[in-house]
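Novice: below is the structure, and that's it, no one-letter string:
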């Protein structure tokens, strides 16, 4: 049985995060990056995912009621839906069949360096999805969406305060907060293919 990755903390978590980032930053081929991310993501156990789901539920339950259901759907899709997609792609052999390089290797390396900084920064809370290893999973899943699949970091339909949401308009992903990247530390915005709506 695999050890739960979320249990890694302190120097052990920092060493693991640095190893992952160091290995990840060296590739440019889509199949290599996708293969590496899928291997790392699938090292999270079902117990890890249950802890993350419970922590996410607690966070979502603290949101205003009118916002809660829509945000819950998007957050679950972003984390667990992406995890499941990666699992299926790995099982079907689609990851190894990917062709070409990622569109912007320099941006990808900047993303990788941001992962390390964001994951090793002081913990914000004890909730599973906010621990260093919980954040690593979040960023790996987001990196897969953005750099491998060319999708937005937040799923289409993700709501934001004020009644705005991520939308697909004539084949273009539009996000109401795309230009707010400087307002949120470690935001996915500067890496995301979405445009400001």
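Specialist: Cool, the structure landed. Keep in mind the model is a prediction, meaning the values are calculated, not measured. Numbers count the residues shown, from 1 in each chain.

Novice: only C-alpha atoms from now on, for both contacts and neighbour counts.
Specialist: Will do.

Novice: other SSEs contacting the strand or helix carrying residue 34?
Specialist: If you go by DSSP states H and E, residue 34 is part of helix 30-41. Under the contact definition 3 or more CA pairs under 8 Å, 6 or more residues apart in numbering; DSSP states H and E, helix 30-41 sits against helix 10-24, helix 82-92, helix 132-143.

Novice: tell me the mean pLDDT over that helix?
Specialist: The average pLDDT within helix 30-41 is 96.

Novice: so where is this protein shaky, pLDDT-wise?
Specialist: 1-3, 122-129 (pLDDT under 70).

Novice: returning to that earlier point: turn the helices and strands packed on helix 30-41 into CSV, columns for mean neighbour count and distance to residue 52.
Specialist: Shown next, in CSV, are the helices and strands packed on helix 30-41 (neighbours: other CA atoms under 10 Å; distance: least, CA to CA, whole Å):
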stretch, mean neighbour count, distance to residue 52
helix 10-24, 16, 16
helix 82-92, 16, 12
helix 132-143, 24, 7
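
Novice: now render those as TSV, adding distance to residue 177.
Specialist: Listed next are these as TSV, based on distance: least, CA to CA, whole Å:
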stretch	distance to residue 177
helix 10-24	27
helix 82-92	21
helix 132-143	17
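
Novice: and the ones you listed: which comes nearest residue 152?
Specialist: Nearest to residue 152 among the helices and strands packed on helix 30-41 is helix 132-143 (8.3 Å), distances taken as CA to CA.

Novice: and the gap between the residue nearest the centre of the chain and residue 64?
Specialist: Against the mean C-alpha coordinate of the chain, by CA atoms, centre = their mean, the closest residue is residue 142 at 2.7 Å. The gap separating residue 142 from residue 64 is 25 Å, by CA to CA, to the nearest Å.
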